[in-house]
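**Q** I would like the atomic coordinates for the input below:
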Amino acid sequence: MKKTATHTKERHHLVEYANGPSLEEINGTIEVPKNMSFWRTLFAYSGPGALVAVGYMDPGNWSTSITGGQNFQYLLMSIILMSSLIAMLLQYMSAKLGIVSKMDLAQAISARTSKPLGIILWILTELAIMATDIAEVIGGAIALYLLFKIPLAIAVLITVFDVLLLLLLTKIGFRKIEAIVVALIVVIFVIFAYQVILSNPVWSDVFKGLIPNAKAFSSANPVSGQTALTGTLGIIGATVMPHNLYLHSSVVQSRKINHDDEADVARTLRFSAWDSNIQLTMAFFVNSLLLIMGVAVFKSGSVEDPSFFGLFEALSKPSLMNNDVLAHVANTGILSTLFAVALLASGQNSTITGTLTGQIIMEGFIHMRVPIWLRRLITRLLSVVPVIICVLLTSGRGEIQEHIAINNLMNNSQVFLAFALPFSMLPLLIFTNSSVEMGDRFKNSWLIKLLGWFSVVALIFLNMKGLPDQIEGFFGDSATKQQLVFADRIAYVIIVLVLAMLVWMVVELYRGDKKYAEEVKRKAELQAEVIE
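**A** You can find the predicted model right below:
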């Protein structure tokens, strides 16, 4: 039942049959010398965590954090902290699955489910990747428009050519790709840290906001049309990304591991956890800085347009700044320009990780491999189509309407993440809880199991709870009562379908695990007979 790392390939021009190790081109290619100091060993294992952390600070996170700060001050800081801690737990389990089982999450699910279910899960995950890619297309195009005044329609088309950048990166080696991603993360962090330092926030209020507060889940007293609960759901939805669980379970296998030596497996798992947690802590700081920006950089309630256009414009207006120092710097245009640079850096980072994830799920679920440039081109072209349509339909209605439509498209596309998240979290928890998959040494401890089940159930509940509001968002701000009722009905039908599919998937996973356990037992009995 369990897949083995065979190297069977049948070449069909651009398309190949793939049933080998995850991301075979990089799997086990990076040697990690033994007997080095802690810090040198950590450096050798560092990299995969950065690729994962990118998804936790991509353009889709920005407006939710800044708007949360504008509307609720530091109340939602605790939500960013809790989301980051849950992300660390899930990414630890994802890394453990890849390191111990030698399979990525897509391969593990595919090996234990039927073909129809596998194809459905593949389509769901592809839609989630497309949703994040739409945010990257929009973020990259807006950055080009803001920095170089390139018309939006042309800027959107230019983002297609990031496939050329990806082709170049594939030639320089995986370790250098990791270094580029880390460098871009540092650029984003430094830019937002600079803006927050200039704002001189009340740090006692910032730290007080890290203490969980029931008010963060309140649906009363909306501010600018948003309740604390919708702000909370927005931050959670933008933080925990399903595709990251697939990505991490694969890229951790880039380090060479002796699977016959449990100590070497344990060492790899330990340092991979350090790498992941350090990088996710950086993502936590970036998202916290974004929320602090919403509170301390701008005057309270001054940002009426939380889109990228609105934030860029607000950062260039001294009258909206919270103090004289910020007003002076804003007047030079430095704040708005740095914001656009960070937006471009974030979009390029997400391009790299989104392409790798697409390759992982295509190989894992449907055993098909295409060249990485073709994979990127197909995904990007599919993502560009709705953005181009959106731009063309609103181009005659004025700049403001165009900006609003693009922002709504980005926000509404994120609904697919709510669909896909349960179908990656639940299998991950089931696999890493199993001694059949992990062995007695590496299966989850009772504490990890408890925290894992709590996190998974809570995230599924909150995602489903927020689904009606997300569907209502498709009808815009001036939706009629009938449209809202219709949206809610669609949401409830989707929730029922998602829950039914979850039951279907869990039943198949447990059956598949049971069959694999019986297979392992038979092999052990045969070996015992041979020895006798």
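**Q** Mind jotting down where the strands sit in this protein?
**A** Along the chain, counting by DSSP state E, strands occupy 11-12, 15-17, 368-369.
**Q** ranking these by mean pLDDT, which is last?
**A** Of all the strands of the chain, mean pLDDT reaches its minimum on strand 11-12 (a mean of 46).
**Q** now F189: how far from M438?
**A** 34 Å (Cβ to Cβ, to the nearest Å). Yep, even glycine has a C-beta here, placed from its N, CA and C like the rest.
**Q** do the same with G364
**A** 19 Å.
**Q** Same drill for those two, tell me which one is more crowded.
**A** Counted by other Cβ atoms under 10 Å, G364 and M438 do not tie: G364 has more neighbours, with 30 against 19.
**Q** Does the more buried one touch I109 like I think?
**A** Yes - with contacts defined as Cβ atoms under 8 Å, G364 counts as touching I109 at a distance of 7.5 Å.
**Q** avg pLDDT for the longest helix seen in the chain?
**A** Counting by DSSP state H, the longest helix found in the chain is helix 481-531. The average pLDDT within helix 481-531 is 86.
**Q** Tell me the helices and strands packed up against it.
**A** Under the contact definition 3 or more Cβ pairs under 8 Å, 6 or more residues apart in numbering; DSSP states H and E, helix 481-531 sits against helix 115-148, helix 422-433, helix 435-442, helix 446-472.
**Q** could you dump those helices to a markdown table with mean pLDDT?
**A** Shown next, in a markdown table, are those (pLDDT from 0 to 100):
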| stretch | mean pLDDT |
| --- | --- |
| helix 115-148 | 86 |
| helix 422-433 | 92 |
| helix 435-442 | 86 |
| helix 446-472 | 85 |
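**Q** and those as TSV, adding distance to N331?
**A** What follows is those, written out as TSV (distance: least, Cβ to Cβ, whole Å):
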stretch	distance to N331
helix 115-148	17
helix 422-433	46
helix 435-442	57
helix 446-472	38
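**Q** Any idea which of the ones you listed gets closest to L269?
**A** helix 435-442 (7.1 Å; Cβ to Cβ).
**Q** quick one on the thing from earlier: and the direction of the longest helix of the chain versus that of helix 422-433, what angle?
**A** Counting by axes from the mean of the first three to the mean of the last three Cα atoms, to 10 degrees, helix 481-531 lies at 30 degrees to helix 422-433.
**Q** got the angle for helix 481-531 vs helix 446-472?
**A** Going by the same axes, to 10 degrees, helix 481-531 makes 150 degrees with helix 446-472.
**Q** Tell me what angle helix 481-531 forms with helix 115-148.
**A** 120 degrees.
**Q** Please name the nearest non-neighbouring residue to T239.
**A** Distances taken as Cβ to Cβ, 6 or more residues apart in numbering put S83 closest to T239, at 4.0 Å, once the chain neighbours are dropped.
**Q** ok now do the one you found, which residues does it touch?
**A** Going by Cβ atoms under 8 Å, 6 or more residues apart in numbering, S83 touches I235, I236, T239, V240.
**Q** Tabulate those residues in CSV, adding columns for neighbour count, pLDDT and distance to P48.
**A** Output for these, formatted as CSV (neighbours: other Cβ atoms under 10 Å; pLDDT from 0 to 100; distance: Cβ to Cβ, whole Å):
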residue, neighbour count, pLDDT, distance to P48
I235, 25, 82, 25
I236, 22, 80, 24
T239, 26, 75, 19
V240, 25, 78, 18
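**Q** for these, which one is nearest G28?
**A** Nearest to G28 among those, with distances taken as Cβ to Cβ, is V240, at 28.8 Å.
**Q** What separation is there between the closest one and L89?
**A** Where L89 is concerned, V240 sits at a distance of 10 Å (Cβ to Cβ).
**Q** do the same with N433
**A** 13 Å.
**Q** what's the answer for S65, then?
**A** The value you get for S65 to L89, if Cβ to Cβ is used, is 21 Å.
**Q** the more surrounded of these two?
**A** Per other Cβ under 10 Å, whichever of S65 and L89 has more neighbours is S65, with 29 against 19.
**Q** wait, doesn't the more buried one sit right on F284?
**A** No - using Cβ under 8 Å, S65 makes no contact with F284, being 11.0 Å away.
**Q** Got the phi and psi for E304?
**A** When quoted as degrees, to the nearest 10, the phi and psi of E304 stand at phi -80, psi -30.
**Q** Identify the contacts common to N433 and L89.
**A** Common neighbours of N433 and L89, counting by Cβ under 8 Å, 6+ apart, are G452.
**Q** what's the closest non-adjacent residue to S218?
**A** Closest residue in space to S218, ignoring its immediate chain neighbours: A228 at 4.8 Å, by Cβ to Cβ, 6+ apart.
**Q** surely the one you found meets L75?
**A** Yes - A228 is within contact range of L75, at 6.3 Å (criterion: Cβ under 8 Å).
**Q** okay, and the common contacts of these two?
**A** K215, A216.
**Q** Settle it for me: which of the two has more neighbours?
**A** A228 (24 against 21).
**Q** what sits against the more buried one?
**A** Taking Cβ under 8 Å, 6+ apart as the contact definition, A228 lies against F72, L75, L76, K215, A216, F217, S218, S219, N221.
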